[in-house]
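Novice: fold the following for me, if possible:
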Amino acid sequence: MKAPDLKSLLRETDPRLEDGRFFMASVAESNTMALAGYLQYILCIYRESDGLSVVFWEDMKDVAASLTSEPITGPFALITLGSDSLTAAGLLAKVTEALAKGKISVNAFSAYHHDHLLVPYGRREDALALLKALQKR
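Specialist: Okay, here's the model as predicted:
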């Protein structure tokens, strides 16, 4: 299978700002069942050797605080990229490079259909503008 052209993928990124404020916490695996009751507030869960990294909407912040002894980080804004490719070499590198040049930190993660970016909530509009400019180049 031939990898998609990077320039075409950048034009297709169509970055969109999702509604809500997001936070991240590290939760012990022993709390997996407690998390199950709040799946409607959870964007994603990553299993790491240090525990479960959970990204969630603000509505779950108090619950998450009761399940962790570590600081909860955020708020973040979520930007979703419209490109749909698991074989895109360099797409996230270009996107994160543009944000780095704008001095905007980012936590990027990929799912089956889209790439997602968590950026500081106060910089969400700046991040979106940089990504739209990248899309037009």
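Novice: ok, now how distant is I79 from D126?
Specialist: 11 Å (Cβ to Cβ, to the nearest Å). Bear in mind the C-beta positions are built from the backbone N, C-alpha and C, glycine included.
Novice: ok, now I45?
Specialist: In this view, I45 and D126 are 28 Å apart by Cβ to Cβ.
Novice: distance from the chain centre to the longest strand along the chain, please.
Specialist: The residue-count maximum for a strand in the chain (DSSP state E) belongs to strand 73-81. In terms of Cα atoms, centre = their mean, to the nearest Å, the centre of strand 73-81 is found 6 Å from the chain centre.
Novice: that one: partners in the sheet, and parallel or antiparallel?
Specialist: Next to strand 73-81 in the sheet, as set by DSSP bridges, lie strand 16-17 (antiparallel), strand 22-27 (antiparallel), strand 115-120 (antiparallel).
Novice: closest one to Q135 among these?
Specialist: Closest to Q135 of the strands paired with strand 73-81, according to Cβ to Cβ: strand 16-17, at 11.1 Å.
Novice: helices of the chain, start to end?
Specialist: Along the chain, the segments classed as helices by DSSP state H run 6-12, 32-36, 61-67, 91-101, 124-136.
Novice: list of residues touching the third one?
Specialist: Residues outside helix 61-67 that contact it (Cβ atoms under 8 Å, 6 or more residues apart in numbering) are 23, 25, 27-28, 31, 34-35, 38, 41, 54, 56, 72.
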